[in-house]
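Trainee: here are the coordinates; sequence isn't available:
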Ligand SMILES: O=P(O)(O)OC[C@H]1O[C@](O)(CO)[C@@H](O)[C@@H]1O
């Protein structure tokens, strides 16, 4: 039985040495700064700013945004809690807030917000392009050709799993529930919960009816689309996570769902600016799309379908400021809430989105996913590999088996994944 306790669990803070969140702040952030420092021939001013951020990560405090920051951005950060956290240690504020704000400061340091020659230049772009151009990406895209021989349902499932495990940058088009597995001694399937049947019941193939389909679709105001049902177009909101080898299978999945008539439209939510190293921005969507075209074969067919859908408006790309907010989705603004409310289902990809969806808290693992997401304005699904401590929706048996495995890092190592859906 899921735990339906209504008491919110404690918010995760990064102040416990040895714990995963502390390691991210104390070790990972400095490593990211060093990586960025080497990525471009930044001038002395930029290098000094990066060094200052490095020092601040170790023992500094969160500072207010610079006085020359864009006024709208300053207002946003004020709304997002800047006044409450300025002057406090990175280690003593909510971990989600500290991490998110780190990327904002990193972009300041490299001059991303300008003015100047570095304005708008993604400091993570070299790493993103290297991943997109890696031979593994060629192999994964070539593997798509073999999918054509599979029955449609199996292909649909393989593409869903490609998108899911792509969150580990592992585009394997896996055909079995067990995913990549964690070794023969592992007693727990890699997929710790799998609600994919519920997801497919929300997005049935063209010509069949969805009992749970949202009746509040944007049929009245939006353009008509082929295959539109009596309840309005079936719209998928896909809240993307990483660029490169995660975004590629995300795009393949969207293209496949369009091609099979399971959706009429898709809205792809990406980040307005570089974030958490590899998070997808609009420029990354274009790079991934070009990559599909250049691969030829089945990949190019998927890419062409998506290209056409972008040009005729069936697929749109959104980069809402709240996508980079240091807050849970429970605090989303009204315009975003209305968008998600109008979708047939919103699928959130990845670990960070999961943390923001259920709240970055020390939930008991058996806390009901439906309860934790009850505030969300429409049907919602999470496709996530486990890369941080937050977890909900496990059965007591699964939790016990994971713990009994003796492998303490099941929460953070990306060896396990979940598909959770609340209709
Ligand atoms: O790309 P994803 O799946 O959102 O994962 C990013 C993850 O990186 C971490 O911030 C660690 O740095 C995770 O805790 C976080 O959720």
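Mentor: Thanks, I have it. If you're wondering where the values come from, they're calculated on a predicted model, not measured in any experiment.
Trainee: any idea how far the ligand is from the spatially most central residue of the chain?
Mentor: Geometric centre of the chain, nearest residue: residue 241, 2.7 Å, by Cα atoms, centre = their mean. The gap separating residue 241 from the ligand is 5 Å, by Cβ to the nearest ligand atom, to the nearest Å. Quick note: C-beta positions are derived from backbone N, CA and C, even for glycine.
Trainee: repeat that for residue 12.
Mentor: Taking Cβ to the nearest ligand atom, one finds residue 12 at 9 Å from the ligand.
Trainee: repeat for residue 355
Mentor: Relative to the ligand, and taking Cβ to the nearest ligand atom, residue 355 is found at 6 Å.
Trainee: tell me the contacts of the residue nearest to the centre of the chain?
Mentor: 167, 279-280, 349-353 (Cβ atoms under 8 Å, 6 or more residues apart in numbering).
Trainee: what's the burial count for the closest residue to the ligand within the stretch 201-350 of the chain?
Mentor: The nearest approach of the stretch 201-350 of the chain to the ligand comes at residue 350, 3.3 Å away (Cβ to the nearest ligand atom). The number of residues packed near residue 350 is 26, by other Cβ atoms under 10 Å.
Trainee: okay but it is in contact with residue 357, surely?
Mentor: No. Contact criterion Cβ atoms under 8 Å: residue 350 and residue 357 do not qualify, at 10.2 Å.
Trainee: burial measure for the residue of the stretch 1-150 of the chain at minimum distance from the ligand, as a count.
Mentor: Closest approach between the stretch 1-150 of the chain and the ligand, counting by Cβ to the nearest ligand atom: residue 24, at 4.3 Å. Residue 24 has 18 neighbours, counted by other Cβ under 10 Å.
Trainee: ramachandran angles for the closest residue to residue 42 other than its chain neighbours?
Mentor: Of all residues not flanking residue 42 in the chain, residue 110 sits nearest, at 6.4 Å (Cβ to Cβ, 6 or more residues apart in numbering). Phi and psi for residue 110, reported as degrees, to the nearest 10, are phi -90, psi 10.
Trainee: contacting residues for residue 110?
Mentor: Contacts of residue 110 (Cβ under 8 Å, 6+ apart): 36, 40, 42, 46, 49-50, 118, 121, 123.
Trainee: need the pLDDT of it.
Mentor: Confidence at residue 110, expressed as pLDDT, is 98.
Trainee: just use 546 as the starting number from now, easier for me
Mentor: Got it, first residue is 546 now, which makes that one residue 655.
Trainee: pretty sure residue 932 contacts residue 959?
Mentor: Yes. If you go by Cβ under 8 Å, residue 932 and residue 959 touch, sitting 5.1 Å apart.
Trainee: which residues of this protein lie near the ligand?
Mentor: By the rule Cβ under 6 Å from any ligand atom, the part of the chain lying against the ligand is 569, 573, 644, 712, 786-787, 821, 895-897, 900, 932-933.
Trainee: of the residues you listed, closest to residue 650?
Mentor: Top of the list for closeness to residue 650, among the residues of the chain next to the ligand and by Cβ to Cβ, is residue 644 at 11.1 Å.
Trainee: quick check: which element contains that closest one?
Mentor: helix 640-654 (DSSP states H and E).
Trainee: now stretch 906-917, how far from the centre of its chain.
Mentor: 19 Å (Cα atoms, centre = their mean, to the nearest Å).
Trainee: ok, stretch 861-871 next?
Mentor: Chain-centre distance of stretch 861-871: 11 Å, with Cα atoms, centre = their mean.
Trainee: now that stretch: mean pLDDT?
Mentor: 98.
Trainee: now for residue 922, how many residues are close by?
Mentor: By other Cβ under 10 Å, the burial measure for residue 922, its neighbour count, is 19.
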